[in-house]
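Engineer: 3D model of this:
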Amino acid sequence: MNASIPFPRMFVVRQKFPPSPAVDIPAVVRSEFTAQNVLSRLKPRAQIAVAVGSRGIHNIKSIVSAVLDVLRAAGATPFIIPAMGSHGGATPEGQLGVLESYGITEHSMSVPIRASMDVERIGASADGVDVFCSAEALRSDGIVLVNRVKPHTDFQGTLGSGVVKMSVIGLGKRAGAAACHAAATRLGYEPTLRSLACVVLRAAPILCGVAVVEN
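Structural biologist: The predicted structure is shown next:
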């Protein structure tokens, strides 16, 4: 650096954002499940798979706990499945470890966590792309997806990273994630996600999605 060139003048700038209002997570979850008429569709003792991903959602432990409480109060029997594609090393142990890092364990949630990586092929998209889904999820009476909704880092469009992407890549485990990403290099991310999600929504017992938005 040339010492004869003076360093530009610098100023310290601080920006203060107003604090976010407190959110009563259990109350909001109960209200939305009721408002969306989800609970009335549950049969007594229905086995409900609560799909939890690998994103660092701020209140994910509280959100998942509230979802489980609502389902149990409605007479269902919920359990957790990791829905994170190939994250966690694409192993049951690795995906259990990801959930544990968020405080989500069988002990803390008082429900089983079924972390099998087994999938079933449930069809193909209009473009001929194989679609896979968690075998544990398919054996359930209903699937509740819990995921954050935000813009995607790899593509821009009307569809970003949220419950639709989770239904394809998260529930698809390693096989589903690999098939989707390979197809996306040819067809584009958003068209691929949309076409594969149509197959999942037809073939899998998706009950609802809990879409989390963070500011």
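Engineer: for the helix or strand hosting residue 98, what is the average pLDDT?
Structural biologist: Using DSSP states H and E, residue 98 falls within helix 92-101. The pLDDT scores in helix 92-101 average 97.
Engineer: centre-most residue in the protein?
Structural biologist: Against the mean C-alpha coordinate of the chain, by Cα atoms, centre = their mean, the closest residue is residue 147 at 3.4 Å.
Engineer: could I get the full set of strands for the chain?
Structural biologist: For the chain, applying DSSP state E gives strands covering 47-52, 77-82, 119-124, 130-134, 142-148, 206-212.
Engineer: what helices or strands is the fourth one leaning on?
Structural biologist: With contacts taken as 3 or more Cβ pairs under 8 Å, 6 or more residues apart in numbering; DSSP states H and E, strand 130-134 sits against strand 119-124, helix 173-187, helix 189-203. Every C-beta, even on glycine, is put in place using the N, C-alpha and C of the backbone.
Engineer: could you do the fifth one as well?
Structural biologist: Packed against strand 142-148 by the contact rule (3+ Cβ pairs under 8 Å, 6+ apart) you find strand 47-52, helix 60-73, helix 163-165, strand 206-212.
Engineer: list the contacts of the shortest one.
Structural biologist: What that stands for is helix 163-165. By Cβ atoms under 8 Å, 6 or more residues apart in numbering, the residues outside helix 163-165 that reach it are 145, 147, 149, 152, 159, 193-194, 197, 209-211.
Engineer: in a markdown table, list the residues you listed along with distance to residue 166.
Structural biologist: A markdown table is the format used below for the contacts of helix 163-165 (distance: Cβ to Cβ, whole Å):
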| residue | distance to residue 166 |
| --- | --- |
| 145 | 5 |
| 147 | 4 |
| 149 | 10 |
| 152 | 12 |
| 159 | 12 |
| 193 | 10 |
| 194 | 14 |
| 197 | 10 |
| 209 | 8 |
| 210 | 10 |
| 211 | 10 |
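Engineer: make a ChimeraX selection of the buried ones in those.
Structural biologist: Buried subset of those, written as a ChimeraX selection, criterion 16 or more other Cβ atoms under 10 Å:
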select :145,147,149,159,193,194,197,209,210
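Engineer: for residue 186, state which of the contacts of helix 163-165 is nearest.
Structural biologist: Set against residue 186, the nearest of the contacts of helix 163-165 by Cβ to Cβ is residue 193 (13.5 Å).
Engineer: how near is the closest one to residue 75?
Structural biologist: From residue 193 over to residue 75 the distance is 34 Å, taken as Cβ to Cβ, to the nearest Å.
Engineer: quick one on the thing from earlier: reformat the helices and strands packed on strand 130-134 as JSON lines; add mean pLDDT and distance to residue 65.
Structural biologist: Below are the helices and strands packed on strand 130-134 laid out as JSON lines (pLDDT from 0 to 100; distance: least, Cβ to Cβ, whole Å):
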{"stretch": "strand 119-124", "mean pLDDT": "98", "distance to residue 65": "27"}
{"stretch": "helix 173-187", "mean pLDDT": "95", "distance to residue 65": "24"}
{"stretch": "helix 189-203", "mean pLDDT": "95", "distance to residue 65": "26"}
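Engineer: got the ones you listed as JSON lines, with distance to residue 81 columns?
Structural biologist: Formatted as JSON lines, these follow (distance: least, Cβ to Cβ, whole Å):
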{"stretch": "strand 119-124", "distance to residue 81": "11"}
{"stretch": "helix 173-187", "distance to residue 81": "10"}
{"stretch": "helix 189-203", "distance to residue 81": "14"}
